[in-house]
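Colleague: what would the 3D arrangement of this be:
(chains A, B, C, D, E, F, G, H, I and J)
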Number of protein chains: 10
Amino acid sequence: MKDNYEVPVMMTKEDVTMMILSAKKQAGMTWEGIAEKIDMSPVWTHSACMGMNAFPKDKAEALVSVMGLPQEAASVLEEPPTKVWEQSVPTDPCIYRLYEIVGVYGPTIKALIEEKFGTGIMSAIDFDMSVTRVPHEKGDRVKLEMSGKYLAYNSW
Amino acid sequence: MKDNYEVPVMMTKEDVTMMILSAKKQAGMTWEGIAEKIDMSPVWTHSACMGMNAFPKDKAEALVSVMGLPQEAASVLEEPPTKVWEQSVPTDPCIYRLYEIVGVYGPTIKALIEEKFGTGIMSAIDFDMSVTRVPHEKGDRVKLEMSGKYLAYNSW
Amino acid sequence: MKDNYEVPVMMTKEDVTMMILSAKKQAGMTWEGIAEKIDMSPVWTHSACMGMNAFPKDKAEALVSVMGLPQEAASVLEEPPTKVWEQSVPTDPCIYRLYEIVGVYGPTIKALIEEKFGTGIMSAIDFDMSVTRVPHEKGDRVKLEMSGKYLAYNSW
Amino acid sequence: MKDNYEVPVMMTKEDVTMMILSAKKQAGMTWEGIAEKIDMSPVWTHSACMGMNAFPKDKAEALVSVMGLPQEAASVLEEPPTKVWEQSVPTDPCIYRLYEIVGVYGPTIKALIEEKFGTGIMSAIDFDMSVTRVPHEKGDRVKLEMSGKYLAYNSW
Amino acid sequence: MKDNYEVPVMMTKEDVTMMILSAKKQAGMTWEGIAEKIDMSPVWTHSACMGMNAFPKDKAEALVSVMGLPQEAASVLEEPPTKVWEQSVPTDPCIYRLYEIVGVYGPTIKALIEEKFGTGIMSAIDFDMSVTRVPHEKGDRVKLEMSGKYLAYNSW
Amino acid sequence: MKDNYEVPVMMTKEDVTMMILSAKKQAGMTWEGIAEKIDMSPVWTHSACMGMNAFPKDKAEALVSVMGLPQEAASVLEEPPTKVWEQSVPTDPCIYRLYEIVGVYGPTIKALIEEKFGTGIMSAIDFDMSVTRVPHEKGDRVKLEMSGKYLAYNSW
Amino acid sequence: MKDNYEVPVMMTKEDVTMMILSAKKQAGMTWEGIAEKIDMSPVWTHSACMGMNAFPKDKAEALVSVMGLPQEAASVLEEPPTKVWEQSVPTDPCIYRLYEIVGVYGPTIKALIEEKFGTGIMSAIDFDMSVTRVPHEKGDRVKLEMSGKYLAYNSW
Amino acid sequence: MKDNYEVPVMMTKEDVTMMILSAKKQAGMTWEGIAEKIDMSPVWTHSACMGMNAFPKDKAEALVSVMGLPQEAASVLEEPPTKVWEQSVPTDPCIYRLYEIVGVYGPTIKALIEEKFGTGIMSAIDFDMSVTRVPHEKGDRVKLEMSGKYLAYNSW
Amino acid sequence: MKDNYEVPVMMTKEDVTMMILSAKKQAGMTWEGIAEKIDMSPVWTHSACMGMNAFPKDKAEALVSVMGLPQEAASVLEEPPTKVWEQSVPTDPCIYRLYEIVGVYGPTIKALIEEKFGTGIMSAIDFDMSVTRVPHEKGDRVKLEMSGKYLAYNSW
Amino acid sequence: MKDNYEVPVMMTKEDVTMMILSAKKQAGMTWEGIAEKIDMSPVWTHSACMGMNAFPKDKAEALVSVMGLPQEAASVLEEPPTKVWEQSVPTDPCIYRLYEIVGVYGPTIKALIEEKFGTGIMSAIDFDMSVTRVPHEKGDRVKLEMSGKYLAYNSW
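Modeller: Residues are numbered from 1 along each chain as shown, chains lettered A, B, ... in the order given. As a prediction, this is how the structure comes out:
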């Protein structure tokens, strides 16, 4: 509130993310566990809890129930996100390595998509992904599987 | 050659890439076909032909033979590459979508790696990848599978 | 050609663009005229002639015939383009105004798409556009019409 | 207020935007609905409510009345905005696609304006725009229609 | 010309600029003198000779005649320019001072335009400018006079 | 104030700007009106009120009196400013157009200064400017007049 | 806490860093001293206290005990860090010199690693480092010793 | 040579680097081997051959003799270099990892230098470095040893 | 203080700078006057008061006494600074002119240092500077005198 | 020369710089020596030979005579330069240290100029500089002396 008028305070996606993180820590839950409870994948669940994806109505209500969030949070979870990242080149090593893979192998992925499909792209919207731990004798491996719909460039 | 002295001209990785592209076009080959002939994966083969990876000696010789390159090209293919990309944010839509996936899902991949493995990263060096076309009734999909060794941060 | 080996020279999209521009100037043609002759829209035709889109086989052959290009140019016109622009903020006033419209109205377009469709985007791939001159008593107007397929974000 | 003097607090466009968003959510209104009530287009209405355009006096008063804002808000809505966007390359996918369209088709739009009008630009000031949902059997489409006055470069 | 095909060479605006600069030096002309001969202002004349503005047909022919350029140059002078500058912050002190004036006084010019006209801008397209030397006892002064049409933001 | 020690709070130029804007709005004054009352130009007055120029002692006292500011504000108005702008390329259209003029006509202004004066620059320090509304039948025009001392480069 | 709902406040790595710095100052400890008490190296200890590395469980408890931190801090110390630095080119002279060494000697280190090991890199994850003071008659020297596992690029 | 005057061509450091690389490849030498022959360290030798350091006179002559360079190259090797790197954030993974180490551990190195020496820096000028291969059962390691003179900030 | 734990608040260099500026204003002191009282130069004194240099113990105590600062401030003044500037190109005209001098004359200073000393640099650490007013009939002049130890590049 | 028309080649400042460097090397001259022969300072002479300052007519002729340049070079030396530097943050250590001094001491120089003169700047145009070697027992020092006219900000 300011001096002579009141600016309303609306619950934000950042607020709800903080509520989720706090509840998760107190309950000792994992992202896999949360995802399983709302019957969605761990990648999508984490991303949506971070405010980078919108929850369908039933999933928002499920999450509110599972995590004991205030009821008002459900409508916030359903809001479309504005996807913002501030570092055009990420510094965290775990994320930078992904950026590096795009830098090194991006033209290769492009060439092979063109060879297999024709001129077009892999959608980042009609898209899903998983992260798996694969045991390996020389050290376990991270497996990332991404699947996106092929979209052909239109000619008109 | 300059006025009063001679600067030697060495065959570069860019030169060899041009030779490969030209031979590939004339022979009507595909990257999958080339990869099969040297018994390597298409992703690695394309990447190394673009000068972004170094060929082991036997693979360099196999490629020289398959593509009809001059013998001198083999040693150039074996040289370690300097991996450079000029656009910190790529503009080509096919590559940008990959960059966007890193921006949107990077923190999620990081969180799930940490949940499954502990504090560390997926290596981009001890790494492999494939690109596959997956038939789908609502439109075929691009499948990217990446596998990298988990590297735990050292504490000392 | 270098000293002791030969680097093959392949016809590039830039080369073909120069050929088209030269032929267009000599023949006194317009982009609308060229587009009509190959039975495509002027926006797509110009864009593809500039190397920013790939020609379907029949359209490549039509263009080669209409403009009197060397036969080899057809296969180059069919190649998938790598779409690169060098100025992240364009300086030319005509293009900058479009950039400014995205800066000012981007969040508005996003909000209205979300209101009308749900969480998702307008595709820039399954996309078409036209530019028209609209007579107006206070000065004629430029009309831009863009149409892109709505793509809903996937939840999984 | 600071220690020994008082810094006056003035209602800002950001404050009024928060009031509008809060009232809109509580009343369950849409941007189309609000626009209709003040007899303006949805694109302009949203943009002006976000603080990116100034309201004419009568429209400011209409909005204050429709949304139940404090009377003081009207004068704030009439103030000229300072149009600022912080990401020179937007990251949100819905807005980025528009940026990409400018990157890919900007030179084409420029060439066709020049062909149809002569040397000049489409104004982004004497400008209007609409967003429409167009039903389509292969998936509904977003239609953007922009209209700006042609401005010829002056020679003097 | 490349190996087995010919890429046509078209006269560019840069080529014509070089021709003008060379002819100007040999003839010992000034920009004021050239401008007077083609009956245009020095600012516009220099700018158009540098390739930053397009010549109307009669002025292009006049310049070709005045400077003794090849006839082909006239059509190049008439082409719409693509206005590019490479330094987003100019380093040359003479140009930087202008940039600094925009940084320091930009918000002031904006506020006074809004006070005198309403919400809108000064056009940089329907625009003219002059540079004059004004004698002054404490040292002569540079006078820049700019005039641009006021453009009101549209509400729709 | 922090826990166990006190950090003094000094009135800043930003504070005084807020006081001026608030008083101006309540009194319904214009920048021209304020400028006239302290017998300075509107451009300088606005700029100095925004904290981009320092007031001479008598003008600071005049402003404090005219606007009813606390006495302490006078010394703050006299302090030398640190001139900072955060956007190296301004986004607001009204200011961007000025930036664009520098980009397009900067080299021309430089060339004409050199032709009229010799090698040197127009000072942005020993500098003044005005903004005027000029009636015009095809739409009124904004006139900017800038005058800066010519400074010759030193040779030593 | 906001108006009608509560956003939980979680202890952050920044909070714990402040607690450590405060306790360190009050106790007059050094980083070497702290490191010795928890039986880790000074480089790693400082880095982890700054929030740039995660503590193993036993080391977190040791630090909490040594520094008299609240018990809750231990779990925060164990959390994986998000490693962010905001200056892509550091300005502090002590850190800039390291950046400069990478700029000047980076290609040399790369060439010698390739000569001694083959194509690959030094890991920055399986990595350790020390800082030592080396007495020298012409002025003592700083000795930095870094050791990282060699990682060979995979070919597949 | 241009039309009517001659621009002299001077041997550059880049030219000499090419001569060295060519001679090194033909003779099958290593950087260690070259360094040994001129009795300098491999790090310094490679760096100076790349044009990033200047050779003392006797070392320049030794290198000319060892590598069979033209006599004129000696004076070029002695010239002070202008140390330029074009990527403020390097993309090659081997060099990026070093950059990452500076980002993550830079503040730690600074804190420990200050603890051990006082306020100051490690010189990057009065500096030396070595790269060693250290056998290790879990995979050999790269050891980097850097030594720079401590320089205390002056107070005056 | 947060909800259920307390984050200690430590006096920072910024806090002390505010204390100094406040005391200086109240006492009507100048930087020269303060410098004289602690028997240091004005340049160093101002810089250290701004937090860009560390005070030796005796000078910190002298300043605390001269300015009437709380005793705790002395230890803060002695802390090593982290030297950060946020604008890589400064906008304030007074500072920009210095930046411009480095841009224009940097390569010249380098060339003359190399001619007079050999390959090396002027230290910015073992460094001092003064600012003087020099009377001059055509307008007084600012004299900057900088002195830094010559550091020769090491060869090893 | 292009196919069917000729683009004139004009001698550039870069060409003349190459001529000077070549003549200087062949004659074994120093910058001090050259400066003395044309009776100007070494700093100005080097800067003007690099194309960063314009020669007065008599000095241009003197240099042409001293260095044995072609007569045409004199008029090129007299042309006003366009002062461009490409690295906004210079990488060469010798020049970076100067940049660092501006970053660290820029605000201090500004504060002291304001204290000694009032609100204004040191001119970088009416400016001169020298570089001297000062013997010192702990190592010789570089002395930079800069002198620029004080310019007061105008109030109008």
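
Colleague: A strand includes A:A124, no?
Modeller: Yes. When classified by DSSP: H, G, I helix; E, B strand; the rest coil, A:A124 is found to be part of a strand.

Colleague: quick one: A:K116 and B:S130 touch, right?
Modeller: No. Assessed by Cβ atoms under 8 Å, A:K116 is found out of contact with B:S130, at 11.3 Å. Every C-beta, even on glycine, is put in place using the N, C-alpha and C of the backbone.

Colleague: so where's chain A shaky on pLDDT?
Modeller: Low-confidence segments of chain A (pLDDT under 70): A:1-4.

Colleague: beta-bridge partners for A:D128, please?
Modeller: In this entry, A:D128 is beta-bridged to A:S147, by DSSP bridges.

Colleague: ok, now which ones touch it?
Modeller: Residues in contact with A:D128 (Cβ atoms under 8 Å, 6 or more residues apart in numbering or on different chains) are A:S41, A:V43, A:W44, A:M146, A:S147, A:G148, C:N154, C:W156.

Colleague: mind checking how far A:P107 is from B:I95?
Modeller: A:P107 sits 7 Å away from B:I95, going by Cβ to Cβ, to the nearest Å.

Colleague: between those two, who's got more neighbours?
Modeller: More crowded of A:P107 and B:I95, by other Cβ atoms under 10 Å in any protein chain shown: B:I95, with 24 against 20.

Colleague: which strands and helices sit next to the single longest helix found in chain A?
Modeller: Taking DSSP state H as the criterion, chain A has its longest helix at helix A:93-117. Counting contacts by 3 or more Cβ pairs under 8 Å, 6 or more residues apart in numbering or on different chains; DSSP states H and E, helix A:93-117 is packed against strand A:120-134, strand A:141-152, helix B:31-37, helix B:42-49, helix B:93-117, strand B:120-134, strand B:141-152, helix H:93-116.

Colleague: now tabulate the ones you listed in CSV and tack on distance to E:T30.
Modeller: Shown next, in CSV, are the helices and strands packed on helix A:93-117 (distance: least, Cβ to Cβ, whole Å):
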stretch, distance to E:T30
strand A:120-134, 55
strand A:141-152, 58
helix B:31-37, 60
helix B:42-49, 57
helix B:93-117, 49
strand B:120-134, 60
strand B:141-152, 62
helix H:93-116, 52
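
Colleague: can you tell me which of those is packed in deepest?
Modeller: Among those, judged by mean count of other Cβ atoms under 10 Å in any protein chain shown, the one packed with the most neighbours on average is helix B:42-49 (a mean of 25).

Colleague: and it with strand B:141-152, angle?
Modeller: Counting by axes from the mean of the first three to the mean of the last three Cα atoms, to 10 degrees, helix B:42-49 lies at 80 degrees to strand B:141-152.

Colleague: any idea how far helix B:42-49 is from the chain center?
Modeller: Relative to its chain's centre, helix B:42-49 lies at 5 Å (Cα atoms, centre = their mean, to the nearest Å).

Colleague: quick one: residues in contact with that helix.
Modeller: Under Cβ under 8 Å, 6+ apart, the answer for helix B:42-49 is A:104-105, A:108-109, A:111-112, B:17, B:20, B:31-32, B:34-35, B:38, B:40, B:53-55, B:59, B:63, B:77, B:128-131, G:155-156.

Colleague: interface residues of chain A facing chain C?
Modeller: Within chain A, the positions near chain C by Cβ under 8 Å from any Cβ of the partner chain are A:40-41, A:43-44, A:48, A:53-56, A:59, A:80-82, A:107, A:110, A:114, A:118-121, A:123, A:125-128, A:151-156.

Colleague: now the closest residue to chain E within chain A. Nearest residue, chain neighbours left out?
Modeller: Per Cβ to the nearest Cβ, A:S88 is where chain A lies closest to chain E, at 15.9 Å. Of all residues beyond its chain neighbours, the one nearest A:S88 is B:V89 (5.4 Å), with distances taken as Cβ to Cβ, 6 or more residues apart in numbering or on different chains.

Colleague: hmm, A:E61 and A:I38 touching each other?
Modeller: No. Applying Cβ under 8 Å, one finds A:I38 not in contact with A:E61, separated by 9.3 Å.

Colleague: where does chain A come near chain H, residue by residue?
Modeller: A:V89, A:T91, A:P93, A:Y96, A:E100, A:G103, A:V104.

Colleague: and the closest residue to chain G within chain A, how many neighbours does it have?
Modeller: Scanning chain A for proximity to chain G using Cβ to the nearest Cβ identifies A:S22 as nearest, at 3.7 Å. Look at A:S22: counted by other Cβ under 10 Å, it has 16 neighbours.

Colleague: so it touches G:P8, yeah?
Modeller: Yes. Assessed by Cβ under 8 Å, A:S22 is found in contact with G:P8 at 3.7 Å.

Colleague: hmm, back to that, OK, contacts around the residue of chain A closest to chain E?
Modeller: Taking Cβ under 8 Å, 6+ apart as the criterion, A:S88 is in contact with B:S88, B:V89, D:V89.

Colleague: try 10 Å
Modeller: Contacts for A:S88 were tallied using Cβ atoms under 10 Å, 6 or more residues apart in numbering or on different chains; they are A:Y99, B:S88, B:V89, B:Y99, B:G103, C:S88, D:Q87, D:S88, D:V89, D:T91, G:S88.
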